[in-house]
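In: Sharing a sequence plus its predicted fold:
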Amino acid sequence: MLVAAAVCPCPPLLVPGVAAGAAPELDAARTACTDALGVLAAARPDLLVVLGPAEQSGRGTHPEGTAGSFRGFGVELDVRLGAEKASPTPGTGALSGRVLPPSLAVAAWLLGRTGWADAPIEGLGVGEPLAAERCVETGREIAARAERVALLVMGDASACRTLKSPGYLDERAAPFDAEVARALGAADVAALEALDAELAYELKASGRAPWQVLAGAAEGADLDGRLLYDDAPYGVGYVVATWS
């Protein structure tokens with residue numbers, strides 16, 4: 001059963017070394033993410049599942065100990081999802097040949113900052129085209145895996161908030177992001193399940209599928225939501241929220 005969730009944005013710019021001189025601009029977002037992870041730790045889960053958007057090669061399960069890197073962003077920084085097992089079994093962790101997609105690498109960096117070691121961790125890369133129904137069903141399956149399940153849900157809102165946004169300005173972006181922030185802050189499962197996947201795709205909102213997985217996992221859990229951060233410093237919507 002889902003007992004807690006933290007929703008965080010996943011731009012590599014959250015990592016100060018990647019952001020370089022622009023790092024202070026996301027200090028408030030980093031602080032909010034740290035606070036959100038504190039809610040997960042306080043829930044004392046039996047299992048933490050970290051999920052985020054991923055391209056084809058990064059989709060599917062990433063066992064605890066899977067490595068990620070920010071070298072592609074010009075920073076010699078490597079991370080691991082949770083603890084690296086001393087004697088990993090074949091096909092898991094460091095021996096799996098898997099590499100964390102950027103969204104899960106950011107999650108691993110966030111978890112590393114807090115020294116997370118409270119529960120087993122597993123990563124899940126979610127494809128942007130995944131239909132809403134399948135996202136919801138995936139969430140239900142995750143919630144049923146342990147008595148106390150927590151989710152760290154990575155994903156950005158629209159990338160079309162300003163003329164300088166990656167997706168240029170789209171007048172539909174601000175209303176879309178406002179509804180996303182409201183739904184995440186209110187733990188509104190129905191609203192998240194009803195998000196328009198086509199519109200989200202057009203607005204380059206990478207968080208749509210992970211948020212709908214969260215919605216499926218939270219069905220019947222009766223969690224309360226709290227919005228910790230909602231801004232678009234680079235023309236991309238970043239939202240931090242907790243459910244507990």
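Out: The structure has been received and is ready for your questions.
In: which other helices and strands contact the helix or strand of the chain with the lowest mean pLDDT?
Out: Scoring the helices and strands of the chain by mean pLDDT, DSSP states H and E places helix 16-19 at the bottom, with a mean of 90. For helix 16-19, not one helix or strand is in contact under the criterion 3 or more C-beta pairs under 8 Å, 6 or more residues apart in numbering; DSSP states H and E. To be clear about C-beta, it is placed using only N, CA and C from the backbone, and glycine gets the same treatment.
In: what about 10 Å?
Out: With contacts taken as 3 or more C-beta pairs under 10 Å, 6 or more residues apart in numbering; DSSP states H and E, helix 16-19 sits against helix 27-42, helix 102-114.
In: which one of the ones you listed has the most crowded surroundings?
Out: Counting by mean count of other C-beta atoms under 10 Å, helix 102-114 has the highest mean neighbour count of the helices and strands packed on helix 16-19, with a mean of 23.
In: Give me the helices and strands touching that helix, please.
Out: Under the contact criterion of 3+ C-beta pairs under 10 Å, 6+ apart, helix 102-114 touches strand 2-8, helix 16-19, helix 27-42, strand 47-54, strand 67-69, strand 78-80, strand 121-127, strand 149-154.
In: Tell me the buried residues in the least confident helix or strand of the chain?
Out: For helix 16-19, burial by neighbour count (16 or more other C-beta atoms under 10 Å) applies to 16, 18, 19.
In: do the same with stretch 157-175
Out: Applying 16+ other C-beta under 10 Å to stretch 157-175 flags 157, 158, 159, 160, 161, 162, 165, 167, 170, 173, 174 as buried.
In: related to what we said a few turns ago, closest to residue 199 out of the helices and strands packed on helix 102-114?
Out: strand 47-54 (16.0 Å; C-beta to C-beta).
In: got the angle for the closest one vs strand 149-154?
Out: With axes from the mean of the first three to the mean of the last three C-alpha atoms, to 10 degrees as the basis, strand 47-54 and strand 149-154 are set at 20 degrees to each other.
In: If you count contacts, what does strand 47-54 end up packed against?
Out: strand 2-8, helix 27-42, strand 60-62, helix 102-114, strand 121-127, helix 132-143, strand 149-154, helix 208-218.
In: Leaving out sequence neighbours, find the closest residue to the residue nearest the centre of the chain.
Out: Centroid-nearest residue in the chain, with C-alpha atoms, centre = their mean: residue 154, separated by 1.0 Å. In this structure, residue 154 finds its nearest non-sequential neighbour in residue 52, 3.3 Å apart by C-beta to C-beta, 6 or more residues apart in numbering.
In: for the nearest residue to residue 77 once chain neighbours are set aside, what are its contacts?
Out: Among residues not flanking residue 77 along the chain, residue 70 sits closest, at 4.5 Å (C-beta to C-beta, 6+ apart). For residue 70, the contact set (C-beta atoms under 10 Å, 6 or more residues apart in numbering) comprises 12, 15, 17, 18, 76, 77, 78, 79, 102, 105, 106, 109.
In: rewinding a little: of the helices and strands packed on strand 47-54, which is nearest residue 233?
Out: Comparing the helices and strands packed on strand 47-54 by C-beta to C-beta, helix 27-42 comes nearest, at 7.8 Å.
In: Give me the distance from that closest one to the chain's centre.
Out: 13 Å (C-alpha atoms, centre = their mean, to the nearest Å).
In: can you give me the angle that helix makes with strand 2-8?
Out: Relative orientation of helix 27-42 and strand 2-8, computed by the same axes, to 10 degrees: 170 degrees.
In: which helices and strands does helix 27-42 pack with?
Out: Packing partners of helix 27-42 (3+ C-beta pairs under 10 Å, 6+ apart): strand 2-8, helix 16-19, strand 47-54, helix 102-114, strand 149-154, strand 225-231, strand 238-243.
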